[in-house]
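Colleague: Just to be clear, the model below is a prediction. Sequence and coordinates:
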Amino acid sequence: MRIAIIGCGFVADYYMQSLHRYPALELAAVMDRDAARVARFAAHHRIDCVRPTLDAVLADASIGMVLNLTNPDSHYEVSAAALRAGKHVYSEKPLAMNFQHARELHDLARAQGLQLACAPCSVLGETAQTLWKTLREQVVGDVRLVYAEIDDGLVHKSPYRQWVSESGQPWPYKDEFEVGCTLEHAGYYVTWLTAFFGPAVSVTAFSSCLYPDKQTDVPLERDSPDFSVACIRFRSGVVARLTCSIIAPVDQRLRLFGESGIVYIRDAWDYRAPVHVKKTFNIRRKMIVPPWSRRYPLARFPSALPHKGHRMEFCRGPAEVAAAVASGAPSPLPSDYCLHNNELVLAIQSALENSATYQVTTSFEPLEPRSWAQ
C-alpha cells in the first residue's frame, strides 16, 4: 500500500518511528500547508516525496491510503477530499469534531467502497489484546464493572513550550487545549471498551472547563473540557466509569472487576504494559483483595523487526487496515466501530457543565481479536 501523510506536525514524527516495522506500507508522499514545516520534516527523515498541495497528492492514482495527521479542525475536510478521490483514509483522532461530519465521512466511505479508520489503534496492541483474552477466558470470572482513568497531570503548568518532536515540531498546545482532553485522550480506553464489550447504549456524562485561562501566549478561541467523567452502559450489561482530565496527577489505570478478582493495567499508552491479576479470597466474613498480583503472559505481536521510539506504534493501525484491504479481510478498525467511538466521546465532551444521559444512536458488528492473541 502506497501511503501519503497529510500534516507533518508533532504527531507525524511518531508515525515515522514505527513505519519501519511495517514494510507493506510505502511512503509515497508527504504534504503540509506550512512549507517550512514539511521541509524540516522531510529533511530530518531523509525523504524526497514532498508534494506542494493536497490536490497534487490526491491526483496520484498510485497512492492508496491517506494518513490524515492534520489538526482536528481539519480532519473532516481532508478526509472527505481523500475519500472523494478514491483513497482509503486513516485519520488521527477524532474522526470529526461533530457527529454530523463523522456520519458523513462514514457514509461517504461506504458509498465509495473504501476503508475509513481512526486512531488510536492501541486496541491492536499487545496489552489490549491480552486484556481481551483474560475476559474471554474469564480469568477473574464474569466482569460487569470497569474503572478507566486517563488523568495526565496539570498540563498547562508543565513546560509544554519546551516539548519538541524529533524533527523539531513544537507541541501544538493551542490545538490541544481548544480540542480538550476528552476528544484527545478518552478514545484510548473507549476503543478498548467497545471492542471488549460491544456497542454502548447510553452515556451519562459531566464535563467542565475548570481552568479557562491556560496561560498560553495566544488567546484560546473556545473553552473545552479539561475534566470529564462518564458512566457508559453497554448492550452486554457491562458498565464502565471513565474519568479524563489534564488536572489530576497522572493516573492511567484500567481495572476490570470480576466475581473472583481484578485484572488491571497502569499505562494506557504503552502497547506492552504488564497485565496484572489479583485473585480475591474470603477470610471469615470478609472478601480480601491481596496487595500482591501476578502478571498474565502478554500476547506476542508477530514482528521480527525491533521496536524503537514511542511506546505506542502509531503505524500499526494503518498497516493492519492496509493488510485487510490487500487480503479482502474485514478491517480491524471498521468504519462503523470508529463512528460509534466518535459518538461516545463527543457525547462526553458535549456534557459541558450539564450532567445528562445520552442515548447512543450507532452500533457495529462485534470485533474479533487478532489471530496472534487468541
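Modeller: Cool, the structure landed. Residues are numbered from 1 along each chain as shown.

Colleague: Grab the most central residue of this protein for me.
Modeller: The chain has Pro120 as the residue nearest its centroid, 2.0 Å off, counting by Cα atoms, centre = their mean.

Colleague: Relative to the whole chain's centre, how far out is stretch 249-258?
Modeller: 17 Å (Cα atoms, centre = their mean, to the nearest Å).

Colleague: related to what we said a few turns ago, the residue nearest to the centre of the chain: what's it in contact with?
Modeller: When contacts are counted by Cβ atoms under 8 Å, 6 or more residues apart in numbering, Pro120 touches Lys93, Gly187, Tyr188, Thr191, Met312, Gly317. Any C-beta I mention is one placed from the backbone N, CA and C, and that applies to glycine too.

Colleague: okay but the fourth one is in contact with Gly125, surely?
Modeller: No. In this structure Thr191 lies outside contact range of Gly125 using Cβ atoms under 8 Å: 10.7 Å.

Colleague: Helices of this structure, start to end?
Modeller: Using DSSP state H, the helices assigned to the chain run over residues 12-19, 35-45, 54-58, 75-84, 99-112, 126-136, 173-179, 181, 187-197, 316-327, 335-349.

Colleague: Take those helices and lay them out in CSV including distance to Leu69, mean neighbour count and mean pLDDT.
Modeller: Below are these laid out as CSV (distance: least, Cβ to Cβ, whole Å; neighbours: other Cβ atoms under 10 Å; pLDDT from 0 to 100):
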stretch, distance to Leu69, mean neighbour count, mean pLDDT
helix 12-19, 5, 22, 96
helix 35-45, 10, 16, 97
helix 54-58, 13, 18, 98
helix 75-84, 9, 21, 98
helix 99-112, 16, 17, 98
helix 126-136, 22, 21, 98
helix 173-179, 12, 20, 94
helix 181, 19, 24, 95
helix 187-197, 15, 25, 98
helix 316-327, 11, 20, 97
helix 335-349, 16, 25, 97
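
Colleague: closest to Tyr160 out of those?
Modeller: In terms of Cβ to Cβ, the element of those nearest to Tyr160 is helix 173-179, at 5.1 Å.

Colleague: Summarise which helices and strands the closest one is packed against.
Modeller: Packing partners of helix 173-179 (3 or more Cβ pairs under 8 Å, 6 or more residues apart in numbering; DSSP states H and E): none among the helices and strands.

Colleague: hmm, who's touching that helix?
Modeller: Here helix 173-179 has contacts from 71-73, 94, 97, 155-156, 160-161, 184, 214, 216, 218, 220-222, 224, 226, using Cβ under 8 Å, 6+ apart.

Colleague: On the C-terminal side of it, identify the next helix or strand.
Modeller: helix 181 (DSSP states H and E).

Colleague: And that next one, what does it pack against?
Modeller: Against helix 181 (3+ Cβ pairs under 8 Å, 6+ apart) you get no helix or strand.

Colleague: sorry, back to before: give me the buried entries from the contacts of helix 173-179.
Modeller: Burial by neighbour count, judged by 16 or more other Cβ atoms under 10 Å, picks out Asn71, Pro72, Pro94, Met97, Val155, His156, Tyr160, Glu184, Lys214, Ser224, Asp226 from those.

Colleague: Tyr76: what's it in contact with?
Modeller: So Tyr76 contacts Ala96, Met97, His101, Ala102, Glu104, Leu105 (Cβ under 8 Å, 6+ apart).

Colleague: What's the separation between it and Gln100?
Modeller: 9 Å (Cβ to Cβ, to the nearest Å).

Colleague: got it, and Glu137?
Modeller: Taken as Cβ to Cβ, the span from Glu137 to Gln100 is 41 Å.

Colleague: Likewise for Gln138?
Modeller: Distance from Gln138 to Gln100, by Cβ to Cβ: 40 Å.

Colleague: Gly9 now?
Modeller: 26 Å.

Colleague: Looking at the contacts of Tyr76, spot the one nearest Leu367.
Modeller: Ala102 (18.6 Å).

Colleague: okay, Lys214: pLDDT?
Modeller: Per-residue confidence (pLDDT) for Lys214: 87.

Colleague: quick one, what contacts the residue nearest to it when sequence neighbours are not counted?
Modeller: Spatial nearest neighbour of Lys214, chain neighbours left out: His156 (4.1 Å); criterion: Cβ to Cβ, 6 or more residues apart in numbering. His156 is in contact with Phe177, Tyr211, Lys214, Gln215, Thr216, Ile246, counting by Cβ under 8 Å, 6+ apart.

Colleague: Now the buried ones among the contacts of helix 173-179 in JSON lines, please, with extra columns for distance to Pro172.
Modeller: Compiled in JSON lines, the buried ones among the contacts of helix 173-179 are given as follows (distance: Cβ to Cβ, whole Å):
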{"residue": "Asn71", "distance to Pro172": "7"}
{"residue": "Pro72", "distance to Pro172": "10"}
{"residue": "Pro94", "distance to Pro172": "15"}
{"residue": "Met97", "distance to Pro172": "15"}
{"residue": "Val155", "distance to Pro172": "13"}
{"residue": "His156", "distance to Pro172": "14"}
{"residue": "Tyr160", "distance to Pro172": "10"}
{"residue": "Glu184", "distance to Pro172": "11"}
{"residue": "Lys214", "distance to Pro172": "13"}
{"residue": "Ser224", "distance to Pro172": "14"}
{"residue": "Asp226", "distance to Pro172": "16"}
